[in-house]
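**Q** Provided below are the primary sequence and the corresponding predicted coordinates.
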There are 2 protein chains.
Amino acid sequence: MEVINKINSPKDLKELSLEQMKSLADDIRKGILNRVNKIGGHLGPDLGIVEAIIALHYVFDSPKDKFVFDVSHQIYPHKILTGRKQGFFDDDKLFSITGYSNPNESEHDNFIIGHTSTSVSLACGLSKARDLKKEKYNVIALIGDGSLSGGEAYEGLNNAALLNSNIIIIVNDNEMSIAKNQGGLYKNLKELRESKGQIQNNFFKSLGFEYTYLEEGNDIEALIQTFKNVKDINKPVIVHIHTLKGKGYYPAESEKEKYHWQQPGFLNQNKKTVSEETYETITTDFILEKKALGEPVVAITPATPGAYGFYQEFRDKLNENYVDVGIAEEHAVAFASALAKNGAKPILAILSSFVQRTYDQLSQDLALNNSPAVILVFWGAISSADATHLGIFDIPLISNIPNIVYLSPTNKQEYIKALNWSYNQNNHPVVIRVPFGIVQNEINCKTDFSKLNKFKTICKGSKVAVFGAGNFLNLAKEVKWELEKININPTIINPIFLTGLDENLLEDLKDGHSIVVTLEDGVLDGGFGEKISRYYANSDMKVLNYGAFKEFTDRVPVDKLYEKYRLKKELIVEDILKIV
Amino acid sequence: MEVINKINSPKDLKELSLEQMKSLADDIRKGILNRVNKIGGHLGPDLGIVEAIIALHYVFDSPKDKFVFDVSHQIYPHKILTGRKQGFFDDDKLFSITGYSNPNESEHDNFIIGHTSTSVSLACGLSKARDLKKEKYNVIALIGDGSLSGGEAYEGLNNAALLNSNIIIIVNDNEMSIAKNQGGLYKNLKELRESKGQIQNNFFKSLGFEYTYLEEGNDIEALIQTFKNVKDINKPVIVHIHTLKGKGYYPAESEKEKYHWQQPGFLNQNKKTVSEETYETITTDFILEKKALGEPVVAITPATPGAYGFYQEFRDKLNENYVDVGIAEEHAVAFASALAKNGAKPILAILSSFVQRTYDQLSQDLALNNSPAVILVFWGAISSADATHLGIFDIPLISNIPNIVYLSPTNKQEYIKALNWSYNQNNHPVVIRVPFGIVQNEINCKTDFSKLNKFKTICKGSKVAVFGAGNFLNLAKEVKWELEKININPTIINPIFLTGLDENLLEDLKDGHSIVVTLEDGVLDGGFGEKISRYYANSDMKVLNYGAFKEFTDRVPVDKLYEKYRLKKELIVEDILKIV
């Protein structure tokens, strides 16, 4: 840990000997392991790219030369070298930095980035602007092999190839996406690795790039030479480097998918033996049951199977009924739509933050074709996530598309009913917002999804009606208990549908109720509550909508957000009393 | 016109001799020219694919074998051969069919398709479902070279290559996208054409496909042989055929971009000499002015420059300040975002229907980075368009993303002010909903976009306030005149911002007004009006929201839609009087 102490900016790096740089690499790995072990984060990709980042900063001159880090899964060493090592070594300051590229932290980061496959397009824009302004410097995109399967990356490559100017695209090939790579491209990368870049048929060259290959992607000296060779180049070039994902920490080298991202405490963790029930296990159980019946079920994931418990054992059991399409969310939705149209039973699992990549496919490939595919949206909730991974926008995104039915079950039994109904019907594209958090149970659950837009009344009261959608049904119940203390006995509604209104119920509420409250675990703008407000807008009913504000929050504790959005029983009751 | 009379389904085709098929090709071209000359439509791509479609139906057995037509720009000959020739030859029945793939018309169409680059993913789904059900038939995607630049096509190819089963992808290479092809890929296609498919470095092979090339893409006999060779193949194959866009109609052969799509009457049209002012010419004039000043303006289009008047002369003048990224909407937004971040002045023009493809790029690459790029959304309006090309969803799509400022100017002077303000500022990503229709003028326009979310009061009245957003400001004025007849003198507001509320103004309206009416030229759900309803939901103000219903309409006359949505002055006044 001697060398790292000398490094406060990339300039300091340029004074080091090769031996010192090797020692620095060890130091950096310690920092990465420390941070991830304390607060969780991306491990494997960062461990694998250490030497390359050292070499990049040795050869290029950031911030004059501009780096773009695809999806930021390989940015930790860069952060360590650019004045942010406290976020890795100082346990009191781990939260002083985000896990993602962020210009608010450092002039060495050029964009806020957390979704994949954007780096080449962004680098294109930097290059083109540079050229128009007649400036001179290098623009370097660093993209992993996994991110190359995303359509945006391809659109970027296809355009970058025409730039006729400096743009250097480093392809960090660690032979892995988040899970295993998927796609024809990866055979080509394998052939390129095996032939040391010499094979004739070359994806990158076919798009018109200059191309150079380096097998020793963890050898600082070789990397420096390779990068020197392309520095100040006046045309688009691909530098394909072969690295070892997880390098320097044996478990991460051998179990690449497991250690792509790790949770706090992984260094000391014992093997998990608890097999707790989660909404993920409920999902996989449901799918396996269909498989066992010999049905043409197809579980689909765009590259993040672990996020919803689609672990190896599950995939092995499903076999041909499982498709990981790689990082290719657009394809995933179109593919699911066509599967359903042709009589198969697709169930596509995707995170709220990433379903954003599929709006047009949801609209055109799925909804317009009224294809009865089932899509499960996980992690839809107000959270303390990084600004790049918020799960609050899916309700406006999905619920305002015609034909789609968006369900919001609130507990295990409802979720299973939602799965069964959507799986068995053939009339609608159905999206299910999977409940978030600890599994809740409802004894004798009578929820019925078969009557479209028929909401479920939990209990009938008067004066106030509280709509608790999805995860916030519990909050609605808490509000009820709070109101009961002051002798108001409210009606509680579980809407169960986010895509349409139960107009009969809304009409009936006018009798005996003067206030309607809506609670949704997502952004207010364009969401569920606004539809209720619109419905009652020309009546005497007063409506209060609760949900997240339209803003990108960044690692704000949930409780703070609830406070700000007044998503707390006392605050809601306070608001109700103002207008009662 | 003898042969066509015998053809009522693909089966009839199989009886024909080669000579008869050639004669049939001539007949089909007459039908295409007749339809497009009468009601407009896609001309060049359909003329070029006639022989290939004949050969496809001769070799394959639709509907058992399943075709998927990318973007449907090459579907007319298929429609003629599959029982829909009345839509081309019978002038009374031209409107009996859509210009797009549509299963509601025929069992020979498998999907409703109007956006590009979806066919390979859809074909993947059909193939996978077939295999799971242990069925046997061919799945054939027909995709033009232009559509290959779209990310969804690449994601589909990358996955299709792994199918290990029958999927036949016909690449119809007519050397053109809607405008000129853009991207490194197209150099490769050129090399493939020039080497008759023999060159070693081959984009499709690099993705793992079997590959076959046919130079004589307009030779029925050669096509039949080529398709026979791949029929019932048990692995993914690319059949790259070289066709002549516009074939058989000389002007379309020579001016490929102009005749990609044509308007009714083009066969007899004289050269346009009128140089009428449109919102398109206002846009190009604005951009050219910036170019003349030597500013780093960059006009960007994703492949549809003609749609907003970015004609050749304009592009030539702009030169390096013009970038057509090809069909690559995602890249376009990320590219624009990075250009702006690096000090250039990007102005990206895109149609409302296609901006749908960019939600995640608008959110992550643009908004989260607060990049001051300017995006112009054209054709945002309730219209009689085909279901695949509606322009009503952009307000919910864009306005619910944090940080973006969405402007809705209503006339020439406001539009220019919106352009100037958005171009000159550096704090916000700005989207402008370009007014739709005939250019309107406002003498002495004082609109000021610099005060965020400050609405413009057109005239102050009482009792009723009407918000006319964008194209519907005129309707608001009509409502005013109608109300004046019954002695109500309403307040008229031009909101000019779609992404935020002027809360001071809304608060002030509570004084002296009891009804607020909102009018927006787009879907109600998630739109502008709902935000007003939410704002007033806990007050005594009554709100009426007008806009389109959440539905895919298909070539419904605008007037009928206005009637249905009550977007007519008499109907609105009728509604107002019910609650006044």
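**A** Received it, and whenever you're ready, just let me know what you need. Numbers count the residues shown, from 1 in each chain, chains lettered A, B, ... in the order given.
**Q** Now do the same contact list for A:L544.
**A** Shown in contact with A:L544 (Cβ atoms under 8 Å, 6 or more residues apart in numbering or on different chains): A:I515, A:V516, A:V517, A:T518, A:I572, A:D575, A:I576, A:I579, B:A537, B:N538. Where you see a C-beta, it was placed from the backbone N, CA and C, and this is true even at glycine.
**Q** secondary structure class for the spatially closest residue to it that is not a sequence neighbour?
**A** Nearest residue to A:L544, sequence neighbours excluded (Cβ to Cβ, 6 or more residues apart in numbering or on different chains): A:V517, at 4.8 Å. Classification of A:V517 using DSSP: H, G, I helix; E, B strand; the rest coil returns strand.
**Q** list the contacts for A:V517?
**A** Per Cβ under 8 Å, 6+ apart, neighbours of A:V517: A:V464, A:A465, A:V466, A:F467, A:A476, A:V479, A:V543, A:L544, A:Y546, A:I572, A:I576.
**Q** Help me confirm that the first one is found in a helix?
**A** No - inclusion of A:V464 in a helix is not indicated when three-state DSSP is applied; the result is strand.
**Q** so is A:G526 in a helix, a strand, or just coil?
**A** A:G526 ends up coil, using three-state DSSP.
**Q** what kind of secondary structure is A:L506 in?
**A** A:L506 is classified as helix under three-state DSSP.
**Q** now the contacts of A:L544: which count as buried?
**A** Among the contacts of A:L544, those buried by neighbour count (16 or more other Cβ atoms under 10 Å in any protein chain shown) are A:I515, A:V516, A:V517, A:T518, A:I572, A:D575, A:I576, B:A537, B:N538.
**Q** Mind picking the two most distant members of those?
**A** Largest separation among these by Cβ to Cβ: A:I572 and B:A537, giving 14.4 Å.
**Q** related to what we said a few turns ago, and of the buried ones among the contacts of A:L544, the nearest to A:D61?
**A** Looking across the buried ones among the contacts of A:L544 and measuring by Cβ to Cβ, the closest to A:D61 is A:T518, at 53.7 Å.
**Q** which residues does the closest one form a beta bridge with?
**A** A:T518 has these beta-bridge partners by DSSP bridges: A:F467, A:N545.
**Q** What are the boundaries of the strands in the stretch 301-450 of chain A?
**A** For the stretch 301-450 of chain A, the strands defined by DSSP state E, counting those that start in this stretch occupy A:322-324, A:345-351, A:374-378, A:405-407, A:430-433.
**Q** Run through the neighbouring helices and strands of the fourth one.
**A** Put plainly, it is strand A:405-407. helix A:394-399, helix A:412-424, strand A:430-433 (3 or more Cβ pairs under 8 Å, 6 or more residues apart in numbering or on different chains; DSSP states H and E).
**Q** Leaving aside the residues adjacent along the chain, what's closest to A:G437?
**A** A:N471 is the one closest to A:G437 (Cβ to Cβ, 6+ apart), at 6.6 Å.
**Q** got it, and A:E15?
**A** Using Cβ to Cβ, 6+ apart, the closest residue to A:E15 is A:K6 (8.0 Å).
**Q** now A:Y213
**A** A:G197 (2.4 Å).
**Q** Next one: the one you found from A:A55, what distance?
**A** 18 Å (Cβ to Cβ, to the nearest Å).
**Q** same question, A:H115
**A** Where A:A55 is concerned, A:H115 sits at a distance of 27 Å (Cβ to Cβ).
**Q** remind me which residues of chain A are low pLDDT?
**A** A:1, A:270-274 (pLDDT under 70).
**Q** Got the domain ranges for it?
**A** Recorded structural domains for chain A (assignment: automatic domain parsing) are A:3-256, A:279-433, A:456-579.
**Q** so which of the ones you listed gets nearest B:R29?
**A** Per Cβ to Cβ, nearest to B:R29 of the domains of chain A: domain A:279-433, 29.5 Å.
**Q** What is the end-to-end distance of the closest one?
**A** 11 Å (Cα to Cα, to the nearest Å).
**Q** and the contacts of A:V517, which are buried?
**A** A:V464, A:A465, A:V466, A:F467, A:A476, A:V479, A:V543, A:L544, A:Y546, A:I572, A:I576.
**Q** out of the buried ones among the contacts of A:L544, who's nearest A:S165?
**A** Nearest to A:S165 among those, with distances taken as Cβ to Cβ, is A:T518, at 52.4 Å.
**Q** how close does the residue in the stretch 251-400 of chain A that chain B sits nearest to get to B:P251?
**A** Nearest residue of the stretch 251-400 of chain A to chain B: A:A338, at 2.4 Å (Cβ to the nearest Cβ). A:A338 is 37 Å from B:P251, where distance means Cβ to Cβ.
**Q** Which one of the two is surrounded by more residues?
**A** A:A338 (32 against 15; other Cβ atoms under 10 Å in any protein chain shown).
**Q** just to confirm, which helix or strand has A:F227 in it?
**A** helix A:220-230 (DSSP states H and E).
**Q** now A:F111
**A** With DSSP H and E as the test, A:F111 turns up in no helix or strand.
**Q** how close does it sit to A:F67?
**A** With Cβ to Cβ as the criterion, A:F111 and A:F67 are 10 Å apart.
**Q** Now do the strands in the stretch 51-200 of chain A.
**A** A:66-69, A:139-144, A:167-173.
**Q** Make JSON lines out of those strands and add mean neighbour count.
**A** Shown next, in JSON lines, are the strands of the stretch 51-200 of chain A (neighbours: other Cβ atoms under 10 Å in any protein chain shown):
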{"stretch": "strand A:66-69", "mean neighbour count": "26"}
{"stretch": "strand A:139-144", "mean neighbour count": "28"}
{"stretch": "strand A:167-173", "mean neighbour count": "27"}
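**Q** okay, the ones you listed in CSV with distance to chain B next?
**A** Shown next, in CSV, are the strands of the stretch 51-200 of chain A (distance: least, Cβ to the nearest Cβ, whole Å):
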stretch, distance to chain B
strand A:66-69, 8
strand A:139-144, 9
strand A:167-173, 11
